[in-house]
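Participant: A structural model of the following input is requested.
(3 chains)
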Amino acid sequence: MPELAEVEYYRRQWDVGWGEKILGLQINPGSRNFRDCDTGVLERYLPNSKLRCSEAHGKRMLFQFSGNLWMGVHLGMTGELSVGGPDDTSGKHEHLILFQKKRSLIYKDPRQFGAIRFHRGSDPPAWWSGLPPSILSRDFTRDLLREFLTRRKKSPIKAVLLMQERFPGIGNWLADEILWRARIRPACPAGKIAGIKLTHLFQNIKGVCADAMRIIAPDWGEPPENWLFLHRWRDNGICPKTKKPLVRETIGGRTTCWSPAWQRWPKESD
DNA sequence: CCCCATGTTCGACA
DNA sequence: GTGTCGAACATGGG
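Facilitator: Residues are numbered from 1 along each chain as shown, chains lettered A, B, ... in the order given. Predicted coordinates for the structure are as follows:
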C-alpha cells in the first residue's frame, strides 16, 4: 500500500502516544518482519522507555524512544500503523504491539514484506544516515535528476523512477501519475529525456509528491477525479485528459497504467 | 483453480 | 564491475 504520502499518514498515527511510556509489548514470534531485528533486544529494552518522536524519509520511518533507543519501520506492500485500546491483543497479522496506559500502538502487515529494525546508541542508526535527498527538499535538484537519468539511460523511465536510491518514496502509482502529468511514455529510455522534457519531469516529480502529501498525509484524503489515480485500476479506464482509453502494460516488471493518446516519446528537438 | 496486488532483494546472465 | 530481468518472499481478494 504505502508510498511516501501514505507512509507519512501512517507515521502520524502514533503521534498520540508521544511522551508516554511503553508498559509492555507483544511480538508475533514467527513473523518475517523481524528478519533484520534481534527481538530479544527489543523486548528487553523497550519496556519503560518513552516514545519521543518520529520522522519519515521516503518509505522508511524512524521512531525514537528515551534511553537512546531507535526503531526503524518499513511497511512493505501491506503494512499499516494504527492505534487500539490498551487491552488489544494481537491477531494473525499484528506483528508488533506497544502497550501504553491509555492505548496500544499497532503494526500490522499481512504479507510481511515490511521490516522492523532496532538500534541502541546516542546517534541515529547507520541505516538511517546517508539516505538520498528527499524529493521535496531543496537538495533534490534538476541536475541530480539529469545525472541519474544519464547513468540509467537505457532503462525505461518508469523503472528508473521506482529506484529508491534516487527517488525515495516513489512507488508504482506515484510513478505512473508523474509520467502521465509530464506526458512521457513509461517505456521511454531514461537517457532520451532532456531539455524541456527533463524540466517538465522534474517539476512533476516535485508537484505530484507535494500534492499527494497535501491530500493524503493528513487524513487519507482521496485524490481528485482529474488525477490518473482514480482511473488506473478501473476496468475500461478513461484518461481524464483525452477521454480516450487507458492501457495497462508491464514495464520495469510492474503493471503500468498510461494514456497512449496523451503520453508521447520525446521529440529530438526537445 | 487462476491471476493479481501502492515493495525489496537476490541470483543468473549479458 | 555494471546493468537488467525474473523469481522469491507470504497472504488475501476477485
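
Participant: once you drop chain neighbours, what's closest to A:N236?
Facilitator: A:P245 (6.8 Å; Cβ to Cβ, 6 or more residues apart in numbering). Every residue, glycine included, has its C-beta placed from N, CA and C.

Participant: who's in contact with the one you found?
Facilitator: Residues near A:P245 by Cβ atoms under 8 Å, 6 or more residues apart in numbering: A:N236, A:G237, A:I238, A:C239.

Participant: secondary structure, pLDDT and distance to A:R214 added to those residues, as JSON lines?
Facilitator: JSON lines is the format used below for these (DSSP: H, G, I helix; E, B strand; the rest coil; pLDDT from 0 to 100; distance: Cβ to Cβ, whole Å):
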{"residue": "A:N236", "secondary structure": "coil", "pLDDT": "85", "distance to A:R214": "30"}
{"residue": "A:G237", "secondary structure": "coil", "pLDDT": "91", "distance to A:R214": "24"}
{"residue": "A:I238", "secondary structure": "strand", "pLDDT": "94", "distance to A:R214": "25"}
{"residue": "A:C239", "secondary structure": "coil", "pLDDT": "96", "distance to A:R214": "23"}
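
Participant: I figured A:F118 hits A:V41, correct?
Facilitator: Yes: counting by Cβ atoms under 8 Å, A:F118 does reach A:V41; the two are 6.0 Å apart.

Participant: between these two, tell me which one has more neighbours.
Facilitator: A:F118 (21 against 13; other Cβ atoms under 10 Å).

Participant: quick one: strands adjacent to the strand or helix carrying that one?
Facilitator: For A:F118, the host element (DSSP states H and E) is strand A:115-120. Each strand paired with strand A:115-120, and its direction, by DSSP bridges: strand A:69-74 (antiparallel).

Participant: how near is A:I106 to DNA strand C?
Facilitator: 16 Å (Cβ to the nearest atom of the strand, to the nearest Å).

Participant: low-confidence ranges in chain A?
Facilitator: Scanning chain A with the threshold set as pLDDT under 70 gives A:1, A:268-270.

Participant: for it, which segments count as helices?
Facilitator: If DSSP state H is used as the criterion, the helices of chain A fall at A:4-13, A:39-45, A:142-151, A:157-161, A:172-181, A:195-216.

Participant: quick one: closest of the ones you listed to A:S259.
Facilitator: Closest approach to A:S259 among the helices of chain A (Cβ to Cβ): helix A:172-181, 6.2 Å.
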